[in-house]
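In: From the sequence below, what's the structure:
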Amino acid sequence: MMGTETYVPILKGKAGEFRALLELLPDVRGRITPLVDIPRVPLTERTKSLDSHLDKVIQGIAKSWDTEHPVFVDLFDLDLNARVTNGEHPVHYTLTQLHSRGVQAVPVVGLERDVAYEHAVRDVVPNVESVVVRLLVEDLEATGSLAPNVVRILKSVKVDVAQTHLIFDLRSLRDSDISQHVAIVLRALRALPMARECASLVVTGSTVPQSLADDVPANSLRRIPRRELDLWRRLRSMPGITRRLSFGDYGVVHPDNLDLDPRKITLVASIRYTTNDALVVVRGKSFKSHPAGYGQYYDLSKVVVALPDFRGSAFSWGDRQLAARAARTCGPGNKTTWVAIDTSHHLAYVDDQLQRAA
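Out: The predicted model follows:
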């Protein structure tokens, strides 16, 4: 299920991310196990039912992923009290719908979920015979209760340790020393001996800013260090680590899914291009104030294609789209298009990087 250097990107369950998954080359797809974070109903669509929102996400997963490889599915962002129209738990509704389409959707649970959530996971586990336990920083730091809490969850969902994927989700790594996170992971591993027996162990985080304006002024290029990669490299070189650690990140976005109304925020043209140890961000200006509007992407694409870091149009679907826009042979695209392009290159690049590190 999880290969030698499996990559676990945590992706938002939105159209841009689904397009990036759809366009993966077959060999790359075989080495990636995405975790799809199903978002809340968007602020602009609050009149829609939860059922219709989930149906759209379910369709996105089923169309962008295949039936041969697993995908982790989490409803982390939904209110614990949320239910679909017939009273069914959204975890049960989503996973059973995916399973009926042949998707190997593995449910994700965490220490902060309630009993109803755990029971919904338990009811769908027989379809895949495995589960993901997602542990946040506050969970990992509570070393005295960590193992008992994980044991309790596994009993509740009726899954053995050997069929359990553990994710140490450190989320944003921007405001603390990487050495502190290394220490958190090491202490948690000592407190959780079952980690040696689980199906896989993933360490994930992100250093992408929540707002690009915090790091990248308008009309500029900046490199944001990929500190999550530094964290993984340090951990896998530690002599006390007795099992393989899989690498995970949040693609090219911040972990938190902000509930913003796009009609009331300033949208700015930007491209995010992953390189060996940094995320290169090329940023333009507001679509409304710049005379070219979305046409800014033509010139921004030229900047990226001219970088020595550019991997060439054949490297991924995203790189091919970048080159096409630098040459002005297609339309500039919109924000969703560019989430897809940026994510497509990122997934292909990280997979290639991990294979070279193996």
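
In: residues making contact with stretch 230-238?
Out: 170, 173, 178, 181-182, 185-186, 203, 205, 241, 244-245, 247, 277, 357 (CB atoms under 8 Å, 6 or more residues apart in numbering). (Glycine included, C-beta is placed from N, CA and C.)

In: quick one: it to chain centroid distance?
Out: Computed by CA atoms, centre = their mean, to the nearest Å, the chain-centroid distance of stretch 230-238 equals 20 Å.

In: In helices, which of the contacts of stretch 230-238 appear?
Out: I178, H181, V182, V185, L186, A357 (DSSP state H).

In: and those residues, which two are the farthest apart?
Out: L186 and A357 (20.4 Å; CB to CB).

In: picking that back up, out of the ones in helices among the contacts of stretch 230-238, which end up buried?
Out: I178, H181, V182, V185 (16 or more other CB atoms under 10 Å).

In: Who are the contact partners of the second one?
Out: So that's H181. Residues in contact with H181 (CB under 8 Å, 6+ apart) are L170, L173, G205, L231.

In: So what's the residue count around the first one?
Out: Using other CB atoms under 10 Å, the number of residues around L170 comes to 24.

In: show me what contacts it?
Out: Neighbours of L170 in contact, by CB under 8 Å, 6+ apart: V137, H181, I184, V185, V203, T204, G205, E228, L231.

In: 10 Å - rerun?
Out: Contact analysis of L170 by CB atoms under 10 Å, 6 or more residues apart in numbering lists 135-137, 140, 176, 178, 180-181, 184-185, 203-206, 228, 231, 248, 255.

In: and the gap between it and Y250?
Out: As judged by CB to CB, to the nearest Å, L170 and Y250 stand 10 Å apart.

In: quick one, strands of the chain?
Out: 7-12, 35-37, 70-74, 104-110, 131-136, 164-172, 200-206, 220-225, 246-249, 268-274, 278-286 (DSSP state E).

In: can you list these in a markdown table and add mean pLDDT and distance to A213?
Out: Putting the strands of the chain into a markdown table (pLDDT from 0 to 100; distance: least, CB to CB, whole Å) gives the following:
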| stretch | mean pLDDT | distance to A213 |
| --- | --- | --- |
| strand 7-12 | 97 | 20 |
| strand 35-37 | 98 | 24 |
| strand 70-74 | 98 | 29 |
| strand 104-110 | 98 | 31 |
| strand 131-136 | 98 | 27 |
| strand 164-172 | 97 | 16 |
| strand 200-206 | 96 | 17 |
| strand 220-225 | 95 | 11 |
| strand 246-249 | 97 | 22 |
| strand 268-274 | 95 | 8 |
| strand 278-286 | 95 | 8 |
